[in-house]
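Undergrad: Any chance you could fold what I've pasted below:
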Amino acid sequence: MSVYVGNLSYEVTEDSLNSVFAAYGSVKRVQLPTDRETGRGRGFGFVEMGTDAEETAAIEALDGAEWMGRDLKVNKARPREDRGSFGGGRLSYNGRNRY
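TA: This next block holds a predicted model:
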């Protein structure tokens, strides 16, 4: 399971986030999603720790902690929802339901 890290500064790098979480155990992977158009970070990321105990220790220590001028939001990541290929409803151009 991964840890969700929210309210990140846009200047955060995978290496800097890795070093913060490494204080609580072994870090297996760090992911920082970026905006498709600008390439800039989206203000959140995911960290995968070696064990559940390490994840718990990191969450307890870092949730609400200030880092790079922001109060972090850290918790267990939820499974990704399947939104479909385009995620759209069936609306016509005037906003009314087509069916």
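Undergrad: For the rest of this, base every contact and every neighbour count on C-alpha atoms.
TA: OK.
Undergrad: Buried residues, stretch 41-54. List them.
TA: Neighbour counts using 16 or more other CA atoms under 10 Å place 41-50, 54 of stretch 41-54 among the buried residues.
Undergrad: could you redo these as TSV and give each row distance to residue 33?
TA: TSV is the format used below for the buried residues of stretch 41-54 (distance: CA to CA, whole Å):
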residue	distance to residue 33
41	6
42	6
43	8
44	7
45	6
46	9
47	12
48	14
49	18
50	21
54	23
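Undergrad: Just the ones in strands from the residues you listed, please.
TA: When the buried residues of stretch 41-54 are checked against strands (DSSP state E), the matches are 44-49.
Undergrad: of all those residues, which comes closest to residue 68?
TA: Taking CA to CA as the measure, residue 68 lies nearest residue 44 of these, at 13.4 Å.
Undergrad: The closest one: what's it in contact with?
TA: Residues near residue 44 by CA atoms under 8 Å, 6 or more residues apart in numbering: 4-8, 32-33.
Undergrad: partner residues bridging it?
TA: Beta bridges link residue 44 to residue 6 when assigned by DSSP bridges.
Undergrad: and it, how far is that from residue 53?
TA: 22 Å (CA to CA, to the nearest Å).
Undergrad: now residue 3
TA: As judged by CA to CA, residue 3 and residue 53 stand 12 Å apart.
Undergrad: show me what contacts the most centrally placed residue in the chain?
TA: In the chain, the C-alpha nearest the mean C-alpha coordinate belongs to residue 45, at 2.9 Å (CA atoms, centre = their mean). Contacts for residue 45 were tallied using CA under 8 Å, 6+ apart; they are 4-6, 8, 30-33.
Undergrad: mind redoing it with 6 Å?
TA: 5, 31-32 (CA atoms under 6 Å, 6 or more residues apart in numbering).
Undergrad: Give me the distance from the longest helix seen in the chain to the chain's centre.
TA: Counting by DSSP state H, the longest helix found in the chain is helix 52-62. Helix 52-62 has its C-alpha centroid displaced from the chain centroid by 15 Å (CA atoms, centre = their mean, to the nearest Å).
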